[in-house]
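Participant: Please work out how this folds:
(one chain, ligands or ions: 1)
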Amino acid sequence: MSPELRFQPSANIAQLKESATIAVSTKAKALRAEGRQIIDLGAGEPDFDTPEFIRRAAQRAIDAGATRYTLTEGILPLREAIAAEANRHWTGADPVKAAEVVVSTGSKQSLFNACFSLFGPGDEVLVPVPSWTSYFEMVELARATVVPVLGDPARGFKVTAASLAQVATPRTRGLMLNSPVNPTGSVYDAAELRAILDLASQRGWWVLSDEIYQRIAYGGAPAPGALDVAASRHNLIVINGVAKAYAMTGWRIGWTISPAPVAKAMNALQSHTTSNAAAVSQHAALAALTQVAEADAAIAAMVAQFRARRDAALAILGEEPRLKVLAPDGAFYLYMRAPLGLAGGEAGTAFASYLLENHNVAAVPGSAFLTPDWIRTSYAAEQSQVEDAMRRIVAAFRELS
Ligand code: GLU
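Facilitator: A predicted model of the protein is given here:
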């Protein structure tokens with residue numbers, strides 16, 4: 001008889017924590033399966049169906065034979081479309097080329113490819129706080145060190161070039177930048193972004209600019225991105241994808257735009273992990289990026305609904321003046337402070353548990369984003385559900401205050 005193998009996680013993942021955003025929705029789904037009427041404002045996922053013109057393009061692509069491997073970095077027409085879109089923002093002398101684009105299985109893989117290819121032991125990576133939970137784990141999976149940089153709550157937790165410069169050391173190798181920000185919905189304006197990019201360029205840091213929420217912004221235009229303002233892109237990796245703006249989370253298509261040698265390295269890494277992103281999904285993304293009039297109309301309609309939900313949610317939360325909530329300019333999250341009466345340090349976790357147990361609302365504790373006294377709710381759910389959930393949050397807040 002063979003001896004029983006006892007699982008000991010390898011040193012690679014010994015410190016790894018499961019994604020809290022995913023865990024909250026998994027729990028909400030399990031409770032729903034048990035018959036509880038949960039309003040799931042956990043994981044950030046548009047509640048809309050992928051627009052019909054994209055679904056049709058995917059169906060046609062399957063019938064036309066898009067069922068085999070593609071180039072690891074993705075089909076050329078998609079990379080060309082991504083480069084063309086990037087060149088609407090980048091006006092430097094070195095237009096973005098298809099060879100600088102790597103298409104991956106969701107922008108999560110794009111971010112991971114970039115972290116794993118650029119950072120390693122001894123490197124420090126600046127991560128503004130609060131930030132999306134997976135940045136911390138991805139930097140650590142690359143065995144680099146996370147240097148959290150707490151933003152100013154009075155400025156929607158945005159960091160500044162000065163606050164980054166203060167914590168940088170000679171070992172600083174990179175910066176995780178994200179605007180509109182998950183979880184706060186804050187948007188960096190062009191001047192703020194330019195100041196940060198100038199500093200990074202002077203100091204020789206890689207900037208990973210995650211722009212997945214760029215088109216979900218309420219200022220009447222897409223939020224400014226790194227390619228709109230950077231003086232140079234020699235140290236820039238722009239990450240984007242179709243999941244959020246085009247309601248295509250399940251298709252898993254993200255990409256990086258980076259200097260060609262970085263693209264080559266990430267491509268080599270991807271060639272040993274997943275190879276190409278799903279062929280049919282690449283064709284769906286191609287339709288999303290090239291059927292511009294239809295895409296713009298679909299995005300405008302979705303953003304209008306997100307805006308209406310945001311406004312309705314803020315109006316309800318505003319009825320409780322003690323409840324501190326950040327008014328978001330982009331993405332589809334509301335970041336709010338747990339009642340002060342709850343134990344400091346993990347108040348967000350206690351508040352999220354209370355909401356789930358007593359009011360059937362699933363929210364993500366702020367500890368996932370390194371601000372443990374806060375919680376995040378998504379408003380990418382039907383407006384009536386969002387409004388119902390906000391009323392329950394106000395009630396819970398009053399019960400605990
Ligand atoms: N990025 C979304 C969120 O923050 C989806 C879940 C995830 O990938 O973490 O909720």
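Participant: What backbone torsions are found at Asp40?
Facilitator: Backbone torsions of Asp40, given as degrees, to the nearest 10, read phi -90, psi 100.
Participant: Verify the stated contact: it with Ala381.
Facilitator: Yes: counting by C-beta atoms under 8 Å, Asp40 touches Ala381, with 7.1 Å between them. C-betas here are computed from N, CA, C, even on glycine.
Participant: And the strands in this structure, which stretches?
Facilitator: 39-40, 101-104, 124-129, 145-150, 172-178, 206-210, 236-241, 254-257, 333-337, 361-362, 364-365, 374-378 (DSSP state E).
Participant: Reformat those strands as a markdown table; add mean pLDDT and distance to the ligand.
Facilitator: Shown next, in a markdown table, are the strands of the chain (pLDDT from 0 to 100; distance: least, C-beta to the nearest ligand atom, whole Å):
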| stretch | mean pLDDT | distance to the ligand |
| --- | --- | --- |
| strand 39-40 | 96 | 11 |
| strand 101-104 | 99 | 14 |
| strand 124-129 | 98 | 15 |
| strand 145-150 | 98 | 17 |
| strand 172-178 | 98 | 10 |
| strand 206-210 | 98 | 10 |
| strand 236-241 | 98 | 10 |
| strand 254-257 | 99 | 11 |
| strand 333-337 | 98 | 8 |
| strand 361-362 | 97 | 11 |
| strand 364-365 | 96 | 7 |
| strand 374-378 | 97 | 7 |
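Participant: Quick check: the closest residue to the ligand within the stretch 151-300 of the chain vs Ser131, distance?
Facilitator: Nearest residue of the stretch 151-300 of the chain to the ligand (C-beta to the nearest ligand atom) works out as Asn182 at 5.1 Å. Per C-beta to C-beta, to the nearest Å, Asn182 is found 8 Å from Ser131.
Participant: Give me the nearest residue to Val127, chain neighbours excluded.
Facilitator: Excluding its sequence neighbours, the residue lying closest to Val127 (C-beta to C-beta, 6 or more residues apart in numbering) is Met176, at 4.8 Å.
Participant: got a list of what the one you found touches?
Facilitator: Met176 makes contact with Val125, Leu126, Val127, Pro128, Ser131, Tyr135, Val139, Leu208, Asp210, according to C-beta atoms under 8 Å, 6 or more residues apart in numbering.
Participant: In this structure the fourth one contacts Thr160, no?
Facilitator: No: Pro128 is not in contact with Thr160 according to C-beta under 8 Å; the separation is 9.9 Å.
Participant: Those two: which has the busier surroundings?
Facilitator: With neighbours defined as other C-beta atoms under 10 Å, Pro128 and Thr160 compare such that Pro128 has more, 27 against 18.
Participant: Tell me, how many residues neighbour the nearest residue to that one once chain neighbours are set aside?
Facilitator: Closest residue in space to Pro128, ignoring its immediate chain neighbours: Val159 at 4.3 Å, by C-beta to C-beta, 6+ apart. Counted with other C-beta under 10 Å, residues neighbouring Val159 total 25.
Participant: Val159 reaches Val149, doesn't it?
Facilitator: Yes: if you go by C-beta under 8 Å, Val159 and Val149 touch, sitting 5.1 Å apart.
Participant: where do the contact lists of those two overlap?
Facilitator: The contact lists of Val159 and Val149 share Pro128, where a contact means C-beta under 8 Å, 6+ apart.
Participant: Contact partners for the closest residue to Ala380 other than its chain neighbours?
Facilitator: Once flanking residues are discounted, Ala380 sits nearest to Phe332: 4.4 Å by C-beta to C-beta, 6+ apart. Shown in contact with Phe332 (C-beta under 8 Å, 6+ apart): Gly44, Pro46, Gly185, Tyr213, Ile216, Lys244, Phe306, Arg309, Arg310, Ser378, Tyr379, Ala380.
Participant: Adding neighbour count, write those residues out as CSV.
Facilitator: Output for those, formatted as CSV (neighbours: other C-beta atoms under 10 Å):
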residue, neighbour count
Gly44, 25
Pro46, 21
Gly185, 25
Tyr213, 26
Ile216, 24
Lys244, 25
Phe306, 22
Arg309, 24
Arg310, 22
Ser378, 28
Tyr379, 30
Ala380, 24
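Participant: ok now do Ala43, which residues does it touch?
Facilitator: Taking C-beta under 8 Å, 6+ apart, we find Ala43 in contact with Thr21, Ile22, Val24, Ser25, Val364, Ser378.
Participant: re earlier: based on its surroundings, how many neighbours for the residue of the stretch 151-300 of the chain closest to the ligand?
Facilitator: Burial of Asn182 is recorded as 28 neighbouring residues (other C-beta under 10 Å).
Participant: what separates it from Ala308, distance-wise?
Facilitator: 20 Å.
Participant: Run a quick check on Ala343 versus Phe351, I expect a contact.
Facilitator: No: using C-beta under 8 Å, Ala343 is not in contact with Phe351; the gap is 10.2 Å.
Participant: Give me the more crowded residue out of those two.
Facilitator: Taking other C-beta under 10 Å, Ala343 and Phe351 do not tie; Phe351 has more neighbours (25 against 10).
Participant: Next one, pLDDT for that one please.
Facilitator: Looking at Phe351, its pLDDT stands at 96.
Participant: list the contacts for Val386?
Facilitator: Contacts for Val386 (C-beta under 8 Å, 6+ apart) come out as Leu41, Arg309, Ala312, Ala313, Tyr379.
Participant: Please repeat the previous calculation with a cut-off of 7 Å.
Facilitator: Arg309, Ala312, Ala313, Tyr379 (C-beta atoms under 7 Å, 6 or more residues apart in numbering).
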